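Peer 1: Sequence and predicted model, in that order:
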Amino acid sequence: MDWLYTVSGFLVGLIVGVTGVGGGSLMTPLLVLFFGVSPATAVGTDLLYASITKSLGGWVHSRNGSVEWKIVGLLSLGSLPAALLTIALFKFLALDEKTLKGLVTGVLSVALLLTATALLLKDWIKKIAQREDGTVYELHHRHLAPATIVTGAIVGVLVTISSIGAGVLGTVALLFLYPRLTAVKVVGTDIAHAVPLTAIAGLGHLALGTVDLLLLGSLLLGSLPGIYIGSHLSAKVPEKVLRPILAVMLLIIGARLVLH
């Protein structure tokens, strides 16, 4: 079974490398539906898996100057406390396995469907943020910082419960809030924010006992070379072809989880 985990890690890593999205939204449902891993363990393991794999991407973007650290700081002001509070709530409530499974699966399904919708509407969101004369709609600077912190908090809760949201939903939120940011800075900033968020949420799950370290190692064995190869293929494979395919896949997986 271990080699199947490694192959899955490689395939998901390849998709993430090519498209920049799809880590949690593919890996967690794959572990739950295909391998029969309990939802809480799948989420906890995937969070640590994401923090390690995205560290490499974050480092590259940081070196290339494509990270807006002020925005990362504002998002983290909301997301990191939200992640810690969510873990503390899990610990306090001490939910039985059946209730926990129901909660995680429910949030996972909603997060998947939101992610798929965000993927499909990404270009449209860019267009509605821009007027015909080329100027862009944006929040007043007084409201921008609080809105960014609140967005971070929402993403923090979603990611801690479902391991989904730091990628596509975070990117779409940044497109709404900061329409002047270049595409590479949106991706770089989102990845840089995802690293501490997934690390804290993942360590929280480790403390709760919902991380399988052997499974984590098997996934990383495949995903790291997968991401490396995918990153080099990304220039050759058109994103406009891959994004709708990925979105449809996520819609099907989300619907499958609802009926699971």
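Peer 2: That came in fine, so what should we check first?
Peer 1: Poorly predicted segments of the protein, please.
Peer 2: Residue ranges of the chain with pLDDT under 70: 1, 19-22, 122-123, 125-140, 231, 234-243, 246, 249, 257-260.
Peer 1: Show me what counts as buried in the lengthiest helix in it.
Peer 2: The helix of greatest length in the chain, counted in residues with DSSP state H as the criterion, is given as helix 97-128. Burial within helix 97-128, assessed by neighbour count using 16 or more other CB atoms under 10 Å, is assigned to 100-101, 103-105, 107-120, 122. For every residue, glycine as well, the C-beta is placed using N, CA and C.
Peer 1: Report all helices and strands that that helix contacts.
Peer 2: Counting by 3 or more CB pairs under 8 Å, 6 or more residues apart in numbering; DSSP states H and E, the packing neighbours recorded for helix 97-128 are helix 23-33, helix 39-63, helix 141-162, helix 168-177, helix 239-259.
Peer 1: Just the buried residues of the very next helix or strand once past the fourth one, please?
Peer 2: So the one you mean is helix 168-177. Sequence-wise, the next helix or strand downstream of helix 168-177 (DSSP states H and E) is helix 183-208. Of the residues in helix 183-208, 185-206 count as buried by neighbour count, 16+ other CB under 10 Å.
Peer 1: didn't residue 207 look like it was pressed against residue 87?
Peer 2: Yes: taking CB atoms under 8 Å as the definition, residue 207 is a contact partner of residue 87 at 7.4 Å.
Peer 1: Residue 204: what's its closest spatial neighbour, skipping adjacent residues?
Peer 2: Counting by CB to CB, 6 or more residues apart in numbering, residue 204 lies nearest to residue 87, which is 3.3 Å off, once chain neighbours are set aside.
Peer 1: Report how many residues lie close to the one you found.
Peer 2: 19 (other CB atoms under 10 Å).
Peer 1: List the residues that contact it.
Peer 2: Remark: with contacts taken as CB atoms under 8 Å, 6 or more residues apart in numbering, residue 87 is in contact with 160, 201, 204, 205, 207, 208.
Peer 1: That one: which element?
Peer 2: Using DSSP H and E, residue 87 maps to helix 69-93.
Peer 1: same check, this time on residue 8
Peer 2: Take DSSP H and E as the rule and residue 8 turns out to sit in helix 2-19.
Peer 1: which of the residues in that helix are buried?
Peer 2: Applying a neighbour-count criterion of 16+ other CB under 10 Å, the buried positions in helix 2-19 are 5-6, 8-19.
Peer 1: Generate JSON lines for the residues you listed, with distance to residue 143 as supplementary columns.
Peer 2: As requested, those are exported to JSON lines (distance: CB to CB, whole Å):
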{"residue": "5", "distance to residue 143": "45"}
{"residue": "6", "distance to residue 143": "47"}
{"residue": "8", "distance to residue 143": "42"}
{"residue": "9", "distance to residue 143": "41"}
{"residue": "10", "distance to residue 143": "43"}
{"residue": "11", "distance to residue 143": "42"}
{"residue": "12", "distance to residue 143": "37"}
{"residue": "13", "distance to residue 143": "38"}
{"residue": "14", "distance to residue 143": "40"}
{"residue": "15", "distance to residue 143": "36"}
{"residue": "16", "distance to residue 143": "33"}
{"residue": "17", "distance to residue 143": "36"}
{"residue": "18", "distance to residue 143": "36"}
{"residue": "19", "distance to residue 143": "32"}
